[in-house]
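Participant: sequence first, then the predicted structure, then my questions.
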Amino acid sequence: MAYSFFAYIFRMRYINRWALMRNTRTENVEEHSYEVAVLAHALASIGQEVFHKDVDPNRAAVVALFHDTSEIITGDMPTPIKYYNPELKGAYKAVEAVAQEKLLTKLPDVLKSVYAPLVREEDQAVRPYVKAADKLAAWLKCIEELKAGNSEFRRAADEIKAALRAMEMEELNWFLDNLSDAFQLALDDLG
């Protein structure tokens with residue numbers, strides 16, 4: 001039998017994000033997942049090194065790599081639609097769960113126990129880091145668009161930044177206070 005799980009995973013590059021917005025540069029789910037993995041690793045590392053928490057940055061990064069795998073089947077539903085009301089949010093979660101299970105059927109049984117917790121996003125210890133990194137990646141996309149002169153992302157940037165602060169996650173606030181300003185600089189100004 002041909003198992004197609006990894007062939008599906010490699011199709012994440014064809015799923016575009018931010019469908020409701022005019023983009024100066026298109027972003028796909030594959031690159032977004034990479035960025036979320038880097039940011040989840042950073043946030044967990046801050047948790048571990050700055051706040052002395054028992055969290056595994058490597059696990060956070062791996063979980064983040066797989067956090068949007070269901071979108072290979074569902075596509076990327078824009079956040080304003082996905083969370084428009086509780087009924088729609090619940091229906092989307094159900095569709096997402098069906099897509100996750102479908103992907104898992106594409107694996108040999110011997111690997112399902114490794115990938116099921118990743119695809120289903122079951123790791124409660126790193127889930128807050130992945131969620132925060134996902135939102136942080138969205139804010140950084142907004143910053144990138146604003147730097148390119150795309151004012152369409154102004155409101156999204158402001159709303160996402162407020163949502164990030166409202167998460168009241170000390171690792172995230174530390175990142176925002178100490179590491180985020182560089183994202184607003186041009187390459188020549190990075191030093």
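Facilitator: In hand now; what should we look at?

Participant: and the residue positioned nearest the centre of the chain, what element?
Facilitator: Nearest to the mean C-alpha position of the chain, by Cα atoms, centre = their mean, lies D134 at 3.1 Å. With elements taken from DSSP states H and E, the one containing D134 is helix 127-147.

Participant: try A64
Facilitator: Per DSSP H and E: helix 57-65 holds A64.

Participant: what mean pLDDT does that helix have?
Facilitator: Taken as a whole, helix 57-65 has a mean pLDDT of 98.

Participant: and the next element down the chain from that helix?
Facilitator: Trace forward from helix 57-65 with DSSP H and E and the next one is helix 71-74.

Participant: which helices and strands does that following helix pack with?
Facilitator: helix 5-9, helix 86-104 (3 or more Cβ pairs under 8 Å, 6 or more residues apart in numbering; DSSP states H and E). C-beta: built from backbone N, CA, C; applies to glycine.

Participant: in JSON lines: these, plus distance to G75.
Facilitator: Output for the helices and strands packed on helix 71-74, formatted as JSON lines (distance: least, Cβ to Cβ, whole Å):
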{"stretch": "helix 5-9", "distance to G75": "13"}
{"stretch": "helix 86-104", "distance to G75": "10"}
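
Participant: least confident of those helices, on average?
Facilitator: Among the helices and strands packed on helix 71-74, helix 86-104 scores lowest, with a mean of 88.

Participant: buried residues, that helix. List them.
Facilitator: 92, 96, 99-100, 103-104 (16 or more other Cβ atoms under 10 Å).

Participant: likewise for stretch 165-178?
Facilitator: For stretch 165-178, using 16+ other Cβ under 10 Å, the buried residues are 169, 171-172, 175-176.

Participant: same thing with stretch 15-24?
Facilitator: 15, 17-18, 23.

Participant: can you list the residues that contact it?
Facilitator: 26-30, 32, 71-72, 75-76, 78, 80-81, 141, 144-145, 148-150, 152-153, 156 (Cβ atoms under 8 Å, 6 or more residues apart in numbering).

Participant: just the buried subset of the residues you listed, please.
Facilitator: 27-30, 32, 71-72, 76, 141, 144-145, 150, 153, 156.

Participant: for K53, state which of those residues is nearest.
Facilitator: Using Cβ to Cβ, H32 comes nearest to K53 of the buried ones among the contacts of stretch 15-24, at 25.6 Å.

Participant: quick one: the closest one and A163, what's the gap?
Facilitator: According to Cβ to Cβ, to the nearest Å, H32 stands 17 Å off from A163.
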